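Give me a 3D structure for the following:
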Amino acid sequence: MIEKSDYFKLGAFIVLGTVMVVALIIILGAGRYFSSSFQVESYFNESVNGLEIGSPVKLRGVKIGRVSDINFVANKYEGADLYEARQVLVDCEIYPDMFRDMSEDDFKRAILLEADRGLRVRPTSLGLTGQLFLNFEYTDPDANPPMPIQWEPDGAYVPSVPSTLNRLEGAVTSISNTLSSINQEDIESIISDFRSILGSLEKVVNTDGGKKAAQHIIDILAEVDTMLTRVNVIIADPNLDRIIPNAANVVAGMDKIVHEASGDIIAAAHEANGAMASLEKTASILGKAIDDPSMNTALSNVGPMMENVTQASQDLSAAVAKIHNLANRMNGLMASEEGTIHAIMQDTREVMENLRELTGDAKRYPSGTLFGAPPSKPQPDNSK
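Here you go, the predicted structure:
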């Protein structure tokens, strides 16, 4: 028989077990209801089959939160139109400890800024199981513009981009539609045109001109191959490794020179502006001088003056011609009297020599030159 104490022990065991189970549930699951989190929402215009409440939310592979709710846009925002009402609304809870020292308002501003830089959320399949999770990633903001909305999101809003599976499905559908739009007659026409083109090319190639063109193409290809071989030789040259750094150094030196001479260039530009201003001023003064009536009077006197200059030039030419004739006559006279002139020059040279000797004797014997006896008479030579 079961005694009363046994019933007491059984009841105490059941009550204690129930309390432990409830406490375990509170510790493991209910703790999140008392913790704060950042709310992020996004909208999808595709199927999210495989995405469940509690699915992870990751940023570049790092788990930063979980999916908290999956619903339709029309159930939360009354301002959505018929098209937007069919979109799927996904709410996410982001763990605050992943973003230290950041308030909820700072988090919303940061999410808005990162969305402008290309932050997007994409449903991503987890391996081969088909389970989805939300992956936050950065894309080209111009190629993936945000979806236009007509309401103010309650939490931070991150635009979505189509999943890889959805894009693949769209590409396959587009290819299928393109292929289905091509009927049998179009295919036969394309094949017929292609065969006609091949037949025409074959006829052209078999002609003399076609053979020459083919040979010319072959020669061009041979020259291209030779050129590529030379380029490979040049590239393989060890000197090229030195030329490229030297060229870089030259460019750097030129950049340095331009940078250092920037002040001089600016000064030269200012001087050029001043010179242009002076030139403009000079042109203005010249224009005023041309418009002056006295300039017209002076220009009218230029004609007679140029005639006088022309007449003077003609007179000068005549005088030069006369001088030229006189020079010719003088040359003729000098040629005819060359012997006489040579004798006169010889006598003059002898007189100058005698005068030089007399001057030398006067310097050495001044008294003998003035008071000396006459020179002795020459004596005949009797020995002959």
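
The stretch 1-150 of the chain: strands as residue ranges?
With strands called from DSSP state E, counting those that start in this stretch, the stretch 1-150 of the chain shows them at 38-44, 56-59, 62-72, 88-94, 119-125, 132-138.

between those strands, which gets nearest to His342?
Closest of the strands of the stretch 1-150 of the chain to His342 is strand 132-138, at 112.1 Å (criterion: CB to CB). Any C-beta I mention is one placed from the backbone N, CA and C, and that applies to glycine too.

what about the closest residue to Pro153 other than its chain neighbours, distance to Leu126?
Residue nearest to Pro153 in three dimensions, not counting chain neighbours: Glu41, with 5.7 Å by CB to CB, 6 or more residues apart in numbering. In this structure, Glu41 and Leu126 are 21 Å apart, going by CB to CB, to the nearest Å.

So those two - more neighbours on which side?
Each of Glu41 and Leu126 had its neighbours counted (other CB atoms under 10 Å), and the higher figure belongs to Glu41 (20 against 14).

ok, so what distance separates that one from Met227?
Spatial separation of Glu41 from Met227 under the definition CB to CB is 61 Å.

which stretches of the stretch 151-300 of the chain form helices?
Counting by DSSP state H, counting those that start in this stretch, the stretch 151-300 of the chain has helices at residues 164-180, 184-206, 208-236, 239-260, 262-291, 293-336.

distance between the third one and the chain's centre?
Which is helix 208-236. A distance of 33 Å separates the centroid of the chain from that of helix 208-236, by CA atoms, centre = their mean, to the nearest Å.

and Lys58, what does it touch?
Ile64, Phe133, Leu134, Asn135, Phe136 (CB atoms under 8 Å, 6 or more residues apart in numbering).

likewise Glu104?
For Glu104, the set of contacting residues under the criterion of CB under 8 Å, 6+ apart consists of Phe38.

Who wins on neighbours among the contacts of Lys58?
Neighbour counts for the contacts of Lys58 were taken using other CB under 10 Å; the highest belongs to Leu134, with 26 neighbours.

any chance of the contacts of Lys58 in TSV, plus pLDDT?
Formatted as TSV, the entries for those read as follows, by pLDDT from 0 to 100:
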residue	pLDDT
Ile64	89
Phe133	88
Leu134	90
Asn135	89
Phe136	91
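
could I get those residues as JSON lines with distance to Arg117?
Supplementary listing: the contacts of Lys58 in JSON lines, determined by distance: CB to CB, whole Å:
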{"residue": "Ile64", "distance to Arg117": "17"}
{"residue": "Phe133", "distance to Arg117": "22"}
{"residue": "Leu134", "distance to Arg117": "19"}
{"residue": "Asn135", "distance to Arg117": "17"}
{"residue": "Phe136", "distance to Arg117": "12"}
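
Out of those, flag the one nearest to Ile217.
Proximity of the contacts of Lys58 to Ile217 was ranked by CB to CB; the top entry is Asn135 with 52.5 Å.

so how far is Cys92 from the closest one?
Asn135 is 12 Å from Cys92, where distance means CB to CB.

So for stretch 119-133, what gets flagged as buried?
Using 16 or more other CB atoms under 10 Å as the test for burial, stretch 119-133 gives Leu119, Arg120, Val121, Arg122, Pro123, Thr124, Leu132, Phe133.

From the contacts of Lys58, pick the one nearest Lys212.
Of all the contacts of Lys58, the one sitting nearest Lys212 is Asn135; the distance, using CB to CB, is 61.8 Å.

Run through the residues that contact Phe107.
Remark: with contacts taken as CB under 8 Å, 6+ apart, Phe107 is in contact with Phe38, Ile94, Phe99, Ala156.

Could I get these in a markdown table, plus columns for neighbour count, distance to Pro148 and pLDDT?
A markdown table is the format used below for the contacts of Phe107 (neighbours: other CB atoms under 10 Å; distance: CB to CB, whole Å; pLDDT from 0 to 100):
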| residue | neighbour count | distance to Pro148 | pLDDT |
| --- | --- | --- | --- |
| Phe38 | 23 | 24 | 87 |
| Ile94 | 22 | 24 | 88 |
| Phe99 | 14 | 28 | 77 |
| Ala156 | 21 | 18 | 87 |
